[in-house]
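> here's my sequence, what's the structure:
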Amino acid sequence: MPRRRSQFKPSPLAEVLRKFMKRQGLPPATGDPALRRIWNEAVGDQIAAHTMPDSIRRGTLFVKVSSSVWMHQLQFLKKDILQRFNGLYGKETVRSLNFSIGEIPAPPPGHHDPASPAASLAALNARDQRLVQESLAAVRDPELQEILRRVMTREISRRRLLEKRRDR
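Numbers count the residues shown, from 1 in each chain. Now for the predicted structure:
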């Protein structure tokens, strides 16, 4: 009778660590921070929110994408993204892009995004900032408070811009 082979296949260490970190509630490793910074600058905030550069191997930049819709859209932008990325990277080392669907981590807490509501609130004058803070004091839900802060900040900024245009 032939000997029965074991059905056990060892898992790659990276996969074991990823699963462990997910069970522990730890954020996944985000790769090279310099690569991520250059990628974000090359593609802009909207695309960067749905993508994450993983690594560069043999002239190919591997990028994780949040959904198939984004992956499809990025296929049309490959040439432009490559030109901008290589221009910022300083070398012509990346010859192609490889998109795959993967988990995109949220920015870490305390991460300062220049386009964040806190940054735009700082752009308001002291009187406007005080008005926003006083108006939001009665709102108890932090998520709703943040949404209202963004809306109020944008509206005040929009009105100030219109006032400046009228004054010219």
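
> hmm, who's touching the host helix or strand of residue 100?
Remark: residue 100 resides in strand 96-101, with elements defined by DSSP states H and E. With contact meaning CB atoms under 8 Å, 6 or more residues apart in numbering, strand 96-101 is reached by 51, 59-68, 71, 74-75, 78, 81-82. Glycine gets a C-beta too; all of them are placed from N, C-alpha and C.

> the strands in the chain, which residues?
In the chain, the strands defined using DSSP state E lie at 51-57, 60-65, 96-101.

> got a markdown table for those strands, with mean neighbour count, mean pLDDT and distance to residue 11 too?
Converted to a markdown table, these look like this (neighbours: other CB atoms under 10 Å; pLDDT from 0 to 100; distance: least, CB to CB, whole Å):
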| stretch | mean neighbour count | mean pLDDT | distance to residue 11 |
| --- | --- | --- | --- |
| strand 51-57 | 18 | 89 | 19 |
| strand 60-65 | 19 | 92 | 19 |
| strand 96-101 | 14 | 93 | 19 |
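
> for residue 151, find the nearest of the ones you listed.
Residue 151 lies closest, by CB to CB, to one member of those: strand 51-57, at 26.9 Å.

> listing partners with orientation, what would you give for the closest one?
Applying DSSP bridges, strand 51-57 is found paired with strand 60-65 (antiparallel).

> mind exporting the partner strand as CSV, just the C-alpha atoms?
Extracted C-alpha coordinates of strand 60-65, given in CSV (Å, rounded to 0.1, in the frame of the first residue of the first chain):
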residue,chain,number,x,y,z
THR,A,60,7.9,47.0,-11.7
LEU,A,61,6.1,49.0,-9.0
PHE,A,62,3.6,46.7,-7.2
VAL,A,63,0.6,48.7,-6.0
LYS,A,64,-2.4,47.5,-3.9
VAL,A,65,-5.7,48.9,-4.8
